[in-house]
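**Student:** my questions concern the predicted model and sequence given below.
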Amino acid sequence: MSSNQDTISDINTKTKSGFLWILVINILAAPVQFLISLTLGRISPELLGKYGFLEILLNLVITIGMFGGPNLMIKYIPSLKVKEIPFFISKYIKQSLLLLLGVFSIIWFLDVFKLIDLGGLLGDNTPPVSMYKWIVLWSVLYLTYYILNSSQSAILQLKDFAIASKLYFFLLFFFLIIFYYLGVKSWHLIFYSSTVAIVFCIIFILSKNFKSFLIFNTKEYSFPSGFWRYSITMYLSTFLTFLYEKLDQIIILMVFDLKFLGIYFGIMKVAFISKLIPQIINRGLISSLSNLIHLNAIDEIRVYYRKIISANYLICTLISIVLIVFSNFILELFGSVFADYKLILLLFIITAFIDFYETLNTNILILKGEDKKVFINTVFKNISFLVSAYFLLPIFNLEGLVLSRIISLIIGVIYTRYNLNKVSYHFNYSIKTLVLIVLIILLYMISSYSVTYKIIFSLTSIIIVTLMNKKDIVNILKNIPIWK
């Protein structure tokens, strides 16, 4: 028992040291991420739509190449001996790159022998075929960067993980400006800027971890027992997760065009500000959760769950109040056409409140090895989204896609909670969630009032939220870790 407690203490110590870095770096990076979308949106909604397509491609590269996703690394690396870690990471990178290049080779072969028309398949809303080689290079670099950075998170190098995660956006913004003033336009502007930013991020990670992450001779190394069974199941689940997360944007590309994708994507990024800090914190702290699950520390996991949800809602609500009350002003920064769709902003923020539960529940099931249940949950969410979108999109236009996402997330929360209860993880859900959502809706209804009323309602709402979360605020101000 004492050995377990010592290990838990060590996990908490490592997490504490990275916690402040995660907060500070993400607070600094949030304006930069917003400025990227704002700058591209001001140039044209179509250019912002091309940046939105880049994000779809980012997720697709991770889905295809990183079999099992980042959670697979977070599941296995904590259980390895220190000397085994570079073998695991190096072999994983090799296997992932081979898989990705294999997929690209098949596509190239089919196009060369006229078995598919790549140009017709891509359509007008995607990069031209002439950029295919550049996209392959960019994809290889991004996959390598993502695996290396996920490895930093898995070994609890949370400071370096946070820096590398956000360094990309600082560099991307810088090179977007440089290339734009050099006359680079359209798709080339987006991909050139992203590629150079990725290269610098890889250099940063390897400058810290080259010897501890990479070994060139991995022939004699075998992955841990059960790795392939777990990774294949998770591969299917990860692919369905990609579809679920990007289905709305893929549908927009198919039904509408890059302009509408840019509008939708821009508003989504504004809403994302409300959950940016909680999401990145959770991504960094999931490694701590993995270690606690590995030790079967059920009481600590329950406390962790309650506190992390409370912290998520506190941060998300305070930011959402400002976003909703001043939604007209914020969206008009992108252009007048964006403000016409401000209801989408409200719906996205409501989505964030439900998503906190579903994502955390799913991560726990993954780390518990309940991959089949995760797969079934993803299938349910995809089906419920498509069925809902089929009926709601013709009626509510773009707003119907977000409503479909809300419905599918609610189904996901119900299913994951049911399965967590079956493995003795009985987590209580607070009525506070519903109260906060109602508060946000009421604030949306007065968003067209005068500035004076907006300020009064905002301050009143902040006071209400502060009183509801007084204990959590005191803990944060005293630098007490949220899982204590």
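**Tutor:** Noted; the coordinates are in hand.
**Student:** when you work out contacts or count neighbours from here on, use the C-alpha atoms and nothing else.
**Tutor:** Fine.
**Student:** tell me how many other residues crowd Ala271.
**Tutor:** Using other CA atoms under 10 Å, Ala271 has 26 neighbouring residues.
**Student:** cool, Pro31 as well?
**Tutor:** Around Pro31 there are 12 residues (other CA under 10 Å).
**Student:** secondary structure element for it?
**Tutor:** Using DSSP states H and E, Pro31 falls within helix 2-43.
**Student:** report the separation between Leu276 and Ile22.
**Tutor:** Between Leu276 and Ile22 the computed distance is 11 Å (CA to CA, to the nearest Å).
**Student:** so where's the stretch 201-350 of the chain uncertain?
**Tutor:** Residues of the stretch 201-350 of the chain that meet the criterion pLDDT under 70 lie in 280-288, 291, 296-297.
**Student:** could I get the full set of helices for the stretch 51-200 of the chain?
**Tutor:** 70-76, 85-112, 118-122, 132-154, 158-181, 186-213 (DSSP state H, counting those that start in this stretch).
**Student:** thinking again about what came up before, tell me the mean pLDDT over the helix holding Pro31?
**Tutor:** Average pLDDT, helix 2-43: 73.
**Student:** ok, now stretch 149-165?
**Tutor:** 82.
**Student:** Ile376: which of the helices of the stretch 51-200 of the chain is closest?
**Tutor:** Checking the helices of the stretch 51-200 of the chain against Ile376 by CA to CA gives helix 70-76 as the closest, at 17.1 Å.
**Student:** that closest one packs against which elements?
**Tutor:** helix 132-154, helix 258-294, helix 342-367 (3 or more CA pairs under 8 Å, 6 or more residues apart in numbering; DSSP states H and E).
**Student:** try it again with 7 Å
**Tutor:** helix 132-154, helix 258-294 (3 or more CA pairs under 7 Å, 6 or more residues apart in numbering; DSSP states H and E).
**Student:** kindly reformat those helices as a markdown table containing distance to Lys166.
**Tutor:** As requested, the helices and strands packed on helix 70-76 are arranged in a markdown table below (distance: least, CA to CA, whole Å):
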| stretch | distance to Lys166 |
| --- | --- |
| helix 132-154 | 11 |
| helix 258-294 | 10 |
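**Student:** for these, which one ends up most surrounded?
**Tutor:** helix 258-294 (a mean of 22; mean count of other CA atoms under 10 Å).
**Student:** Leu247: what secondary structure?
**Tutor:** helix (DSSP: H, G, I helix; E, B strand; the rest coil).
**Student:** neighbours of it, how many?
**Tutor:** So Leu247, with other CA under 10 Å, has 20 neighbours.
**Student:** again, but for Ile411
**Tutor:** 17.
**Student:** how about it, what does it touch?
**Tutor:** When contacts are counted by CA atoms under 7 Å, 6 or more residues apart in numbering, Ile411 touches Lys381.
**Student:** can you give me the angle the helix or strand encompassing it makes with helix 258-294?
**Tutor:** Assigned by DSSP H and E, Ile411 belongs to helix 398-422. Helix 398-422 and helix 258-294 are oriented at 10 degrees to each other (axes from the mean of the first three to the mean of the last three CA atoms, to 10 degrees).
**Student:** show me what counts as buried in helix 398-422.
**Tutor:** 398-413, 415-417, 419-420 (16 or more other CA atoms under 10 Å).
**Student:** doesn't Leu176 make contact with Ser193?
**Tutor:** Yes: Ser193 lies in contact with Leu176 (CA atoms under 7 Å); the separation is 5.4 Å.
**Student:** distance from the centroid: which residue in this structure tops it?
**Tutor:** Ranked by distance from the centre of the chain (CA atoms, centre = their mean), the top residue is Phe113, with 37.6 Å.
**Student:** pLDDT score for it?
**Tutor:** pLDDT, Phe113: 78.
**Student:** phi, psi of it?
**Tutor:** phi -90, psi 20 (degrees, to the nearest 10).
**Student:** what residues are up against it?
**Tutor:** By CA under 7 Å, 6+ apart, Phe113 has no neighbours at all.
**Student:** what's the closest non-adjacent residue to Ser447?
**Tutor:** Val325 (4.7 Å; CA to CA, 6 or more residues apart in numbering).
**Student:** number of nearby residues for that neighbour?
**Tutor:** 25.
**Student:** and Tyr304, how many neighbours does it have?
**Tutor:** Other residues lying near Tyr304 total 20 when counted by other CA under 10 Å.
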